[in-house]
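A.B. asks: Could you look at this predicted model? Sequence included:
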Amino acid sequence: MTKIIVIVAIAQNNAIGKDNDIPWHIKEDFEHFKEKTSGCPCIMGDKTYESLPDNAKPLPNRENIVLTFDKDYKPEGTTVFNDFNEAIQYVKDKGEEKAFIIGGATIYRLGMEVADIFELTRIYQDYEADIFYPDIDFNEWELINQEDHEGEDIKNKIKVKFSFMTYKRK
């Protein structure tokens with residue numbers, strides 16, 4: 001059975017994006033994301049796909065599944081769906097062990113409804129943003145692992161504390 005996993009970094013004020021980019025750059029978080037998702041399908045919206053750096057598009061060593069309403073949108077090296085549930089069914093039908101939902105906000109909202117696991121990087125810092133993570137009902141989730149870290153946000157030139165937290169659906 002395919003485990004559906006939402007993976008996201010969220011600031012203290014629930015910020016996740018600004019101007020179609022991540023408001024911070026924390027090396028350890030990018031490494032964590034790569035380690036967790038490598039070899040697994042990653043489901044994302046078209047804006048999230050477009051926000052990836054050119055040298056990381058499509059994300060290497062992962063099937064990039066892009067959701068869009070645009071019937072003509074077909075970036076090279078991606079699998080495109082126009083329906084979230086069809087994308088989820090696709091990874092299940094393929095017998096994938098794990099599939100990751102990697103954003104943006106609308107895709108996260110849908111993903112939280114079907115996810116078995118929630119991989120949260122909680123950054124203990126507020127950031128200016130125009131995209132925020134949808135409200136999380138933590139009553140639906142059980143924390144099964146937490147690793148606390150301190151690192152540098154090289155984009156904003158500040159030290160930050162953050163935690164890698166793994167939740168499973170109750």
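C.D. replies: Happy to help now that I have it. Residues are numbered from 1 along each chain as shown.
A.B. asks: separation between the residue sitting furthest away from the middle of the chain and Val80?
C.D. replies: Distance from the C-alpha centroid of the chain peaks at Asp72, with 24.4 Å (Cα atoms, centre = their mean). Taking Cβ to Cβ, to the nearest Å as the measure, Asp72 falls 10 Å from Val80. The way it works is simple: take the backbone N, C-alpha and C, and place the C-beta from them, glycine included.
A.B. asks: on that earlier part again, now do the SS call for the residue farthest from the centre of the chain.
C.D. replies: Secondary structure, DSSP: H, G, I helix; E, B strand; the rest coil: Asp72 is coil.
A.B. asks: For it, give its distance to Ile5.
C.D. replies: Taken as Cβ to Cβ, the span from Asp72 to Ile5 is 30 Å.
A.B. asks: mind checking the backbone torsions on the residue most central in space within the chain?
C.D. replies: Centroid-nearest residue in the chain, with Cα atoms, centre = their mean: Ile102, separated by 2.4 Å. Backbone torsions for Ile102, taken as degrees, to the nearest 10, come to phi -120, psi 10.
A.B. asks: next one: Tyr108
C.D. replies: Residue torsions, per degrees, to the nearest 10, at Tyr108 are phi -60, psi -40.
A.B. asks: same deal with Lys36?
C.D. replies: phi -70, psi -40.
A.B. asks: quick one, what contacts it?
C.D. replies: Contact analysis of Lys36 by Cβ atoms under 8 Å, 6 or more residues apart in numbering lists Ile5, Ile7, Phe100, Glu119.
A.B. asks: list the contacts for Ile144?
C.D. replies: Thr166, Tyr167, Lys168.
A.B. asks: measure Asn139 to Ile101 for me?
C.D. replies: Asn139 is 20 Å from Ile101, by Cβ to Cβ.
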